[in-house]
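Asker: the sequence and its predicted three-dimensional model are supplied below.
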Amino acid sequence: MTMKKYGSHFFLAFLLLACANESDPVADKSNFTRIYDNNKFNASYFPIDLHQTPDGGYLILAARRLENSNFSGIYVMKVDELGGFVKDKEVDETYINPVGQLLEVNGKYYFFCMTVVSFETQLVEMDATGEISQVLNVGGSYPTAATADNSNFILLSYDNLNKQSVVSVVSPAGSISKSKGFSIGAGQAVEEPIISHFIRTGRQFPFQVGKTAAGLYYFNGFYNYTFSLVFTDLTQDDPQGVVQGQQDDGGLSQVVELSGGKFAGSRFNFGDNYFLPNVPISASGVSSSTDLGGNPFPELVPNAPVHILKANIHNKNILIYASNTLGRQIALFNFDQASAAFLGSRYLGFSNPFEVANLISTADGGVAICGTTYAAGRFPRICLFKISGDEFSRSLKF
């Protein structure tokens, strides 16, 4: 694979804590904010996911706008433990549409994308510096979401020929061991919002895929004309369970399994947003997402993207909900994992608009949040927030 190189980057650094006269190396890597710009003023970058590497730094996977395609190109950036820019790559435009998650297996890092001509799914392998070692043809088309399952990956994709949402188990070698497709329904109107998602002309849907502790696979995507949470064992033609949304106007925006059939989740419904930090979701039969209720959050943007992290802060198991506010900040809402009690919130962002891409726990017991900000209020750029466990705990009400 050939890479495009371009000019040097610079970043603006703002400490979250008050700075002393002399820099404290421990504090510098525990708490920081970085905004990454480059000499391509009109370039646009949309971060997708981040992963901390063994050296304490971070790999960031992002999409980039292409001049000659409706689809997004691929951009990978490596930063050090202080958030300082190290290197980046604009992947050749032969490969487009990168999707999260950015996955680690046996010390290597992977993400899925597709080819620009045939739309065939590809698996990209990188090292901890962001250098791409190989690209493997997986087959199928239109990848939408992925996650790791021990030493394999679970992939959700869209089969545009058979009009199906497809769940596959893929090895790091790119081979598919099992796969099952589920009809989205007949007609052009059903497919239209999916294609609009891919070319970024319409709503960005919260596609998700995973596996429960009981061994059931699930995906959050289109099934039978509706954006739904679907449970399957990948052997039966029909799903084992379906939590229906409201066609493409409602559904679950994120689910994270807790225990005992309980999930931490969120849902959207005709623009409104609801958090469900501890809710039972049936993996069998047919139910409706609207029956799950939840706490409304009117300060969020309509149909807000929501990311949920199970974290341990100062030996306290919490849930961190990250989303975007109407005031164009990134909001972090915290809940107790066991009781679902609200523990407080904090807001990230200043001057320019900010939007969340994803968040992770860090090796030092803190949290890192990657997102988008807009240079001059117009041009999408990558931002990175690092918050130590000590600093984060100050916003928690135990």
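Answerer: Arrived safely, thanks for sending. Numbering: from 1, shown residues only.
Asker: now the strand or helix carrying Val99: how far from the chain's centre is it?
Answerer: Assigned by DSSP states H and E, Val99 belongs to strand 95-105. Strand 95-105 sits 10 Å away from the centroid of its parent chain (Cα atoms, centre = their mean, to the nearest Å).
Asker: what mean pLDDT does it get?
Answerer: Taken as a whole, strand 95-105 has an average pLDDT of 96.
Asker: now stretch 182-191
Answerer: For stretch 182-191, mean pLDDT is 87.
Asker: buried set for it?
Answerer: Judged by neighbour count using 16 or more other Cβ atoms under 10 Å, the buried positions of stretch 182-191 are 182-184, 190-191. For every residue, glycine as well, the C-beta is placed using N, CA and C.
Asker: Leu102 against Cys113, yeah?
Answerer: No. In terms of Cβ atoms under 8 Å, Leu102 does not count as a neighbour of Cys113; the distance is 11.7 Å.
Asker: now, which of the buried residues of stretch 182-191 sits nearest Phe335?
Answerer: Of all the buried residues of stretch 182-191, Phe182 has the smallest distance to Phe335: 31.9 Å, by Cβ to Cβ.
Asker: using PDB, list the CA coordinates for the helix ranked longest in the chain.
Answerer: Assignment by DSSP state H gives helix 188-198 as the longest helix of the chain. Extracted C-alpha coordinates of helix 188-198, given in PDB (Å, rounded to 0.1, in the frame of the first residue of the first chain):
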ATOM      1  CA  GLN A 188     -35.200   1.500  -2.400                       C
ATOM      2  CA  ALA A 189     -36.600   3.600   0.500                       C
ATOM      3  CA  VAL A 190     -35.200   1.100   3.100                       C
ATOM      4  CA  GLU A 191     -31.700   1.300   1.600                       C
ATOM      5  CA  GLU A 192     -31.600   5.000   1.200                       C
ATOM      6  CA  PRO A 193     -30.700   6.000   4.800                       C
ATOM      7  CA  ILE A 194     -27.900   3.300   4.800                       C
ATOM      8  CA  ILE A 195     -26.200   4.700   1.700                       C
ATOM      9  CA  SER A 196     -26.700   8.300   3.000                       C
ATOM     10  CA  HIS A 197     -24.800   7.200   6.100                       C
ATOM     11  CA  PHE A 198     -21.900   5.800   4.100                       C
END
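Asker: just checking: what are the partner strands of the following helix or strand past it?
Answerer: Downstream of helix 188-198, the first helix or strand assigned by DSSP H and E is strand 208-211. With DSSP bridges as the test, strand 208-211 is paired with strand 217-223 (antiparallel).
Asker: for the strand it pairs with, which outside residues touch it?
Answerer: By Cβ atoms under 8 Å, 6 or more residues apart in numbering, the residues outside strand 217-223 that reach it are 144-145, 154, 156, 158, 165, 167, 182-185, 190, 194, 205-212, 227-234, 239, 242, 248, 251-252, 254-255, 283.
Asker: tell me the bridge partners for Lys87.
Answerer: Lys78.
Asker: if I look at it, how far off is Asp127?
Answerer: Per Cβ to Cβ, to the nearest Å, Lys87 is found 12 Å from Asp127.
Asker: can you check Gln101 too?
Answerer: 17 Å.
Asker: how near is the residue found closest to Asn269 once you drop the neighbours it is linked to in the chain to Tyr274?
Answerer: Nearest-residue entry for Asn269: Gly250, 3.9 Å, with adjacent residues in sequence omitted and distances by Cβ to Cβ, 6 or more residues apart in numbering. As defined by Cβ to Cβ, Gly250 lies at a distance of 10 Å from Tyr274.
Asker: circling back: as TSV, the buried residues of stretch 182-191 with distance to Glu391 would be great.
Answerer: Shown next, in TSV, are the buried residues of stretch 182-191 (distance: Cβ to Cβ, whole Å):
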residue	distance to Glu391
Phe182	44
Ser183	48
Ile184	44
Val190	46
Glu191	46
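Asker: most widely separated two among the residues you listed?
Answerer: Greatest spatial distance in these: Phe182 and Glu191, 14.2 Å, computed using Cβ to Cβ.
Asker: so is Glu391 in a helix, a strand, or just coil?
Answerer: Three-state call for Glu391 (DSSP: H, G, I helix; E, B strand; the rest coil): helix.
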